[in-house]
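K.L.:
Quick one, fold the following:
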Amino acid sequence: MDTSPISYRVADFLKQHPPFQAMDDADLLELAARGRVKFHEANEFILWQGEPHKSHVFVIQQGVVTLWDETDGRLALRDVCGAGDLLGVERFVGAPHSLQSARSTTDVVIYAFPATDFEELVLKDPYARRFIEAYETVASDFQSTHDTRDLQDVFLHHVIGRKPLESCSADTTVREAAASLLATGSDAIPVVDGDRRVHATVAVNDLLTWVAAGAGDANQPITALGLTPPPVIGSAASVSDGVLAILETAADGLAVTSDGSSSGELQAFVTSADIGRVFGDQPIAILREIRRATTTGQLRDLNHRARAVAHQHLTSPISVDWLAHVTFLTDVDIVKRLIMLVAGDVPTACWCFCGTSGRGESLTRHAPRLVLIGDDEGHGPELERIYQRVSDALTECDYMARVDVPFDRTFHVASKAEWRTRYQRWVGDPVRTEMYLARPLFDLRPVHGRESLWHDVGTTVAGAIDREFLHVLANDCLASLPPLTFFQDAVVDESGEQSTVFQLEQSALRPLVDVGRVFGMAANKVLGTSTRERFASARTLLPEHESIFREAAETLRILLWQQARIGIGQGTDGSELPPALLSRHDRHVLKGGFRSILRLIEFTGNLAWLEAI
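P.N.:
Numbers count the residues shown, from 1 in each chain. Presented below is the predicted three-dimensional model:
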């Protein structure tokens, strides 16, 4: 490799694979010139587990290499590697020796680079170092590009710019407030006191409502209109924080104060129009249109628009945190609007989401799974008819039906007393009642109606859970193992079997969700929580094992991101993906996630943790 043409040929090969794609050409050529070629016949060991690190780092140029774990005398397949994959890089993440044995499965050609040169020329790039760190640590902020900027990293102040802060006082008249709105072209302005503390918002909608109700004396104080205070946020807030604050409260504006409280000094006032500058289409406008829609056809279009916005801003796994909440609020508002449009006068009840939607983890157009808790058993037949109409209307809104629901529609409608009885039976005898079929129902979250009915059911569930039940659920988690790795355009399981379809939801998401549910129950936070919230509770419950749950939460982010970006882009629910749609970078990060899932499952199945709480 000491001739220029060969160096260029090696550099061209490396440039096709991460992390070398991040290197400038001069460094890449210099690295190529310092390397050498090695050849291994089939069934030769390239690295031995436990041996001291070799002086070189290896890049597979062609052929297949398998990685094996020989701990305790048991031989277990850990990875299948091909062209472009690295061997011997664990030294750079603190490993004292080779962590696995590497054996050639076919004839293999390898490029060998001195480890010191690799560190000097490759790892000086932040992207390359993060790539290598991902071999041992799952990180959802790891991106394959350098210039992508997420809205959670954009401060609201940057959006507002030098916009003057317009406001009025409680003594301002209706006429003066209307004139101010006209003069500034604002949708809303804050009402503040002498210390610049915000007390209310006066918006164009408030004035229109006042006029529609018959108006009155335009010289009366603006406070006579019955104004409400705006949501308040701190000065370090991001655009995504602002979007969620407005969406959750359906407010016309957002107050930015010095300390993030209503008693803090007002520093800026943000309207939906201000935030709209960073969107082509914006979630605030979409949700407002949902609340005014008069047909399922309109709701169908708005459903598509909401998913398109989510897809546009799914720039990294971290963006899942706020976009999942946006799509959750979209689904909630569509269901609420459908209830109003097709259900008519509904008897007292509580509408809930369960499963993926109940955990707030549904970003694709997978239909939210509805549960209806009635107040009175006598209204059962009527509630079933209403439930049927709303469910059919969801299909008309172009939601994709779920095929993994073990119960028929009528089962999802029952009185509070019946739901409490069901949960007590599932918890009391999970084996004979086949509780595993009802796991998604333990993700119940209220979205409309009398929330106290849901709360009463939740109290029953929390009171019924005991160690024996947790033991059974934890043991069940051992039945679902994640894939082992990717090889070419196939996903490989722990037995070495290959499949051309990556069962993302069944083989990767579901094990995380099931384990998260176990620890949520152990922390007495059962209904109404997400998987990431359950992992956060587990970190508090078992702080000495914090890293296991932190990596599990990061893996969940990555999986939801892949499911959403590919599912929305392909017009599917994202539960199954062809590996060909995943880049080498994606596969590299997912492989680290698979290892994280396996560690989590093994920890959960050990049950020593149950004795420690």
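
K.L.:
can we go C-alpha only for contacts and neighbour counts from here?
P.N.:
Will do.

K.L.:
Could you find the closest non-adjacent residue to Tyr423?
P.N.:
Counting by C-alpha to C-alpha, 6 or more residues apart in numbering, Tyr423 lies nearest to Val461, which is 6.2 Å off, once chain neighbours are set aside.

K.L.:
any idea which element Arg517 lies in?
P.N.:
helix 510-522 (DSSP states H and E).

K.L.:
what's the first-to-last distance across stretch 440-453?
P.N.:
Taking C-alpha to C-alpha, to the nearest Å, stretch 440-453 runs 18 Å from one end to the other.

K.L.:
For it, buried residues please.
P.N.:
Of all the residues in stretch 440-453, those buried under the rule 16 or more other C-alpha atoms under 10 Å are 440-451, 453.

K.L.:
Just give me the closest of those residues to Glu418.
P.N.:
Leu453 (11.7 Å; C-alpha to C-alpha).

K.L.:
which residues does that closest one contact?
P.N.:
Counting by C-alpha atoms under 8 Å, 6 or more residues apart in numbering, Leu453 makes contact with 349-350, 373-375, 416.

K.L.:
Can I get those in JSON lines including neighbour count and secondary structure?
P.N.:
Listed next are the contacts of Leu453 as JSON lines, based on neighbours: other C-alpha atoms under 10 Å; DSSP: H, G, I helix; E, B strand; the rest coil:
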{"residue": "Ala349", "neighbour count": "24", "secondary structure": "strand"}
{"residue": "Cys350", "neighbour count": "23", "secondary structure": "strand"}
{"residue": "Ile373", "neighbour count": "28", "secondary structure": "strand"}
{"residue": "Gly374", "neighbour count": "26", "secondary structure": "strand"}
{"residue": "Asp375", "neighbour count": "19", "secondary structure": "coil"}
{"residue": "Lys416", "neighbour count": "21", "secondary structure": "helix"}
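
K.L.:
Could you export those residues to JSON lines, including columns for distance to Arg36?
P.N.:
Formatted as JSON lines, the contacts of Leu453 follow (distance: C-alpha to C-alpha, whole Å):
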{"residue": "Ala349", "distance to Arg36": "72"}
{"residue": "Cys350", "distance to Arg36": "69"}
{"residue": "Ile373", "distance to Arg36": "69"}
{"residue": "Gly374", "distance to Arg36": "73"}
{"residue": "Asp375", "distance to Arg36": "76"}
{"residue": "Lys416", "distance to Arg36": "72"}
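
K.L.:
Can you convert these into a markdown table and add a column each for distance to Asp193 and pLDDT?
P.N.:
Converted to a markdown table, the contacts of Leu453 look like this (distance: C-alpha to C-alpha, whole Å; pLDDT from 0 to 100):
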| residue | distance to Asp193 | pLDDT |
| --- | --- | --- |
| Ala349 | 42 | 94 |
| Cys350 | 40 | 96 |
| Ile373 | 45 | 96 |
| Gly374 | 46 | 94 |
| Asp375 | 45 | 90 |
| Lys416 | 47 | 96 |
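
K.L.:
what about the strands in the stretch 201-350 of the chain?
P.N.:
For the stretch 201-350 of the chain, the strands defined by DSSP state E, counting those that start in this stretch occupy 232-234, 253-257, 266-271, 349-354.

K.L.:
Can you classify Glu166 by secondary structure?
P.N.:
Put simply, Glu166 is coil when judged by DSSP: H, G, I helix; E, B strand; the rest coil.

K.L.:
Okay, buried residues for the helix of greatest length in the chain please.
P.N.:
Of all segments of type helix in the chain, defined using DSSP state H, the longest is helix 546-570. Buried residues in helix 546-570, defined by neighbour count with 16+ other C-alpha under 10 Å: 546, 548-569.

K.L.:
mind listing what Pro368 touches?
P.N.:
331, 353-354, 356-357, 362.

K.L.:
Mind putting these into JSON lines with distance to Val10, neighbour count and pLDDT?
P.N.:
Converted to JSON lines, the contacts of Pro368 look like this (distance: C-alpha to C-alpha, whole Å; neighbours: other C-alpha atoms under 10 Å; pLDDT from 0 to 100):
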{"residue": "Asp331", "distance to Val10": "51", "neighbour count": "27", "pLDDT": "97"}
{"residue": "Phe353", "distance to Val10": "54", "neighbour count": "26", "pLDDT": "98"}
{"residue": "Cys354", "distance to Val10": "53", "neighbour count": "22", "pLDDT": "96"}
{"residue": "Thr356", "distance to Val10": "47", "neighbour count": "20", "pLDDT": "96"}
{"residue": "Ser357", "distance to Val10": "49", "neighbour count": "26", "pLDDT": "96"}
{"residue": "Ser362", "distance to Val10": "44", "neighbour count": "23", "pLDDT": "96"}
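
K.L.:
Now distance to Ala393 too, for those, in a markdown table please.
P.N.:
Supplementary listing: the contacts of Pro368 in a markdown table, determined by distance: C-alpha to C-alpha, whole Å:
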| residue | distance to Ala393 |
| --- | --- |
| Asp331 | 13 |
| Phe353 | 16 |
| Cys354 | 18 |
| Thr356 | 20 |
| Ser357 | 17 |
| Ser362 | 19 |
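
K.L.:
returning to what we had before: can you count the residues close to the residue nearest to Tyr423?
P.N.:
Applying other C-alpha atoms under 10 Å, we find 23 residues neighbouring Val461.

K.L.:
Helix or strand for it, just tell me which one.
P.N.:
Per DSSP H and E, Val461 falls inside helix 451-464.

K.L.:
average pLDDT for that helix?
P.N.:
Taken as a whole, helix 451-464 has a mean pLDDT of 95.

K.L.:
Which element is encountered next along the chain beyond it?
P.N.:
Per DSSP H and E, the first helix or strand lying C-terminal to helix 451-464 is helix 467-476.

K.L.:
Tell me the gap between that following helix and the middle of its chain.
P.N.:
Here the centre of helix 467-476 is set off from its chain's centre by 26 Å, with C-alpha atoms, centre = their mean, to the nearest Å.

K.L.:
Report the buried residues of it.
P.N.:
Residues of helix 467-476 classed as buried: 469-476 (neighbour count, 16+ other C-alpha under 10 Å).
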